[in-house]
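Q: make a model of this:
(chains A and B)
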Amino acid sequence: MRIMKKAFGRGLADLILIGIILGSIFPFLYMFLMSFRSTINAYDFSFSLDKFTLQQYIKIFQMDYFVNYVLNSVIVAVAGVLLTLTVCSLAGYAFAKMNFKGNDKLFLFLFLTLIVPSEVIIVPLFLITKGLGWLNTYQALILPLPTAFGVFIMRQAILDIPSDLMDAAKLDGCGNLQTLVRVVLPIVRGALLTLAIFTFVGAWNNFLWPLVACTRQEMKTLPLALSAMKTQYNTDVGLTMACAVINFLPPFLFYLFMQSKFKEGMTLGGVKE
Amino acid sequence: MKKKADIRKIEPYLYITPITLILVTFVVGSVLISIFLGFCKYNIITPPQFRGLGNYIKLLDDSKFIKALWNTIKLELYIVPLQMVSGLLMAVFLLANRKHLLGKIANCVIFIPFLCSNAVVGVVWRELLNGKFPPVEAFFGLFGIQPSMLLGDSKSALVVVAGVAIWRWMGYYTVIFLSGLMAISKTYYEAAKVDGAGKIRSFFSITLPMMKPTIIMALFLSITTALRNFELIFNLTGGGPNNATTDLVMYAYTLCFKSNSAGYAMAVSNVLFVLVMIAALFQKRLLKRESSEL
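A: Below is the predicted model of the structure:
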């Protein structure tokens, strides 16, 4: 009796687990499935392998500006990561290991900017960018990417390094910058990777700011292209889904290869106190 | 020699200058401009005209603003409680099943919706609901619902937005709750078992109290992120039908970029900003009280 009850419980748990798995991936299965269909049989849902085709992917790369969209997304995300890692390591190092007047107060001041959600300042940010003459430029998409959050992460990581190590480097004649690059950064590479993932995914998936800052076709990024497809190519579900797949793949592939680091990076925002 | 000492003194400031410049220009600058221009009539083309509280008084009479505010509140009410309860239950369930293969797979795939952009989530769900896909039709048919009607109906569209938001963030809250659960020492549960407490009893008298700081943190994260559904709304419904899914961010966006009322749009965003600040202060209060109790 007890064994049966246990087996029943296990079966029920497995059933729920299958439900959770299907619920999580079903829309993506649909996305992949539709992207491999030709427009003609898009709504013919009989499953047979010979109807699968790559024609949507070929078609999408022939679309005007599509190569631009991909390149823009890559450039913005990569440059955003490099910029964020650079400015955040520099500031994090200064706040963690250098004594200067106003250290704590300046850090708190920068930290307070995190309270401002990007959606709230979208209009003034547009006005500032317009004032600088930066609409439809890469710097408009890249420069606002670093946040005080990155400084916080780097500061926390660098605080944990024993000062003896840095003193030793300085005795060997390293300046501050050399110490940072040669001694500190290799030790905190875990934090750097976490911050890089966090920034890359944020920049890659960014939607509202590019929507506002880029009006010219050749400056748009992939998420904007995907969003615009609903109106321009209304009938072509397969093409839209192929675009969605291309949007989806980079973060997904990174996730497959470094799952735990990824989860850490993406949920960082939650554990900041 | 003296010159070298001077460089030493300014060196730290040089290190923090780049990020400070970025944040002061884009964030602090934006907040100041937003506060100032919120008091002005401004259409971007002609210079701003100071109107005092004019914009804010106009808000009280603006039925579209009231509707957007109400939609924002409704989204909070739909999303936050469900997100908390489902995230916590999911974390408890996955923790109990973490040694099984299916449990491991579920733990991995539940995070996928959170990885992809709101554009992907919005567009794929819109197509999925409207696509006449037999399994989807059959699933919603069980509840007597025709999926292609959901986004077009002003009664159900906001619920769908909330549902998709909950779906997307599920993995995120599960991870947060899981890390909280794993931090609870097993000895508590063992002691409770010796005392004859069942699983449900231990959940309410051990898990929930021990998770209180995590729950408070997740609660406020959920409150602030539920205010930020612009990207999902834009891609699912575009704010329609008939403004049924227009929240405050969407309304401000429309005002500035479709009707050229930038000043008024900033007044709307400022209202949202005040709501965010209230939530943040409230959270700080609660967390402080929590840590002083311990």
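
Q: where does the chain dip in pLDDT?
A: No chain was given, so I picked chain A. Residue ranges of chain A with pLDDT under 70: A:1, A:39-51, A:230-235, A:268-273.

Q: chain B was what I was after
A: B:1-5, B:290-294.

Q: work out which residue lies at the spatial centre of it.
A: For chain B, the residue nearest the mean C-alpha position is B:Thr225 (1.1 Å; C-alpha atoms, centre = their mean).

Q: that residue is in contact with B:Trp169, isn't it?
A: Yes: taking contacts as C-beta atoms under 8 Å, B:Thr225 lies within contact range of B:Trp169: 6.9 Å. From N, CA and C alone the C-beta is placed, and that goes for glycine too.

Q: distance of B:Ser86 relative to B:Leu94?
A: Using C-beta to C-beta, to the nearest Å, B:Ser86 is found at 12 Å from B:Leu94.

Q: of the two, who's got more company?
A: A direct count of neighbours by other C-beta atoms under 10 Å in any protein chain shown for B:Ser86 and B:Leu94 places B:Leu94 higher, at 21 against 16.

Q: the residue lying closest to that one once chain neighbours are set aside in helix, strand or coil?
A: Nearest non-adjacent residue to B:Leu94, counting by C-beta to C-beta, 6 or more residues apart in numbering or on different chains: B:Asn107, 5.3 Å away. Secondary structure, DSSP: H, G, I helix; E, B strand; the rest coil: B:Asn107 is helix.

Q: one more: B:Asn243?
A: B:Asn243 is classified as coil under three-state DSSP.

Q: identify the residues contacting it.
A: By C-beta atoms under 8 Å, 6 or more residues apart in numbering or on different chains, the residues touching B:Asn243 are B:64, B:67-68, B:71.

Q: hmm, back to that, the residue nearest to B:Leu94 touches B:Phe93, doesn't it?
A: No: here B:Asn107 does not reach B:Phe93: they are 10.2 Å apart, not a contact under C-beta under 8 Å.

Q: who has more neighbours, the two?
A: Neighbour count, other C-beta under 10 Å: between B:Asn107 and B:Phe93, B:Asn107 has more, with 24 against 17.

Q: so which bits of the one helix or strand A:Phe28 maps to are buried?
A: Using DSSP states H and E, A:Phe28 falls within helix A:2-35. Within helix A:2-35, the residues that count as buried by 16 or more other C-beta atoms under 10 Å in any protein chain shown are A:13, A:17, A:20-21, A:24-28, A:30-31, A:34-35.

Q: next SSE downstream of it?
A: helix A:55-62.

Q: remind me what that following helix packs against, helices and strands.
A: In terms of contacts (3 or more C-beta pairs under 8 Å, 6 or more residues apart in numbering or on different chains; DSSP states H and E), helix A:55-62 is packed against helix A:237-257.

Q: packing partners for the helix it packs on?
A: With contacts defined as 3+ C-beta pairs under 8 Å, 6+ apart, helix A:237-257 has these neighbours: helix A:2-35, helix A:55-62, helix A:189-205, helix A:222-232, helix B:112-115, helix B:118-130.

Q: who wins for proximity to B:Thr254 among those?
A: When the helices and strands packed on helix A:237-257 are compared by C-beta to C-beta, helix A:222-232 sits nearest B:Thr254, at 15.7 Å.

Q: between helix A:55-62 and that closest one, find me the angle.
A: Put simply, helix A:222-232 runs at 110 degrees to helix A:55-62, going by axes from the mean of the first three to the mean of the last three C-alpha atoms, to 10 degrees.

Q: pull the CA atoms of helix A:222-232 into CSV?
A: The C-alpha trace of helix A:222-232 is given here as CSV (Å, rounded to 0.1, in the frame of the first residue of the first chain):
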residue,chain,number,x,y,z
LEU,A,222,17.8,42.8,-34.3
PRO,A,223,15.0,43.1,-31.7
LEU,A,224,13.7,46.2,-33.6
ALA,A,225,13.8,44.4,-36.9
LEU,A,226,11.8,41.5,-35.3
SER,A,227,9.3,43.9,-33.9
ALA,A,228,8.8,45.7,-37.2
MET,A,229,8.2,42.5,-39.1
LYS,A,230,4.7,42.2,-37.7
THR,A,231,3.5,45.1,-39.7
GLN,A,232,5.8,44.9,-42.8
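
Q: would you agree B:Thr214 is in contact with B:Ile184?
A: No: at 9.9 Å, B:Thr214 does not count as touching B:Ile184 under the criterion of C-beta under 8 Å.

Q: the two: who's more crowded?
A: Legend: neighbour count by other C-beta under 10 Å for B:Thr214 and B:Ile184, higher for B:Thr214 (21 against 15).

Q: contacts only, for the more buried one.
A: Taking C-beta under 8 Å, 6+ apart as the criterion, B:Thr214 is in contact with B:176-177, B:179-180.

Q: need those in a markdown table (columns: secondary structure, neighbour count and distance to chain A).
A: Below are the contacts of B:Thr214 laid out as a markdown table (DSSP: H, G, I helix; E, B strand; the rest coil; neighbours: other C-beta atoms under 10 Å in any protein chain shown; distance: C-beta to the nearest C-beta, whole Å):
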| residue | secondary structure | neighbour count | distance to chain A |
| --- | --- | --- | --- |
| B:Ile176 | helix | 23 | 5 |
| B:Phe177 | helix | 24 | 10 |
| B:Ser179 | helix | 16 | 8 |
| B:Gly180 | helix | 21 | 10 |
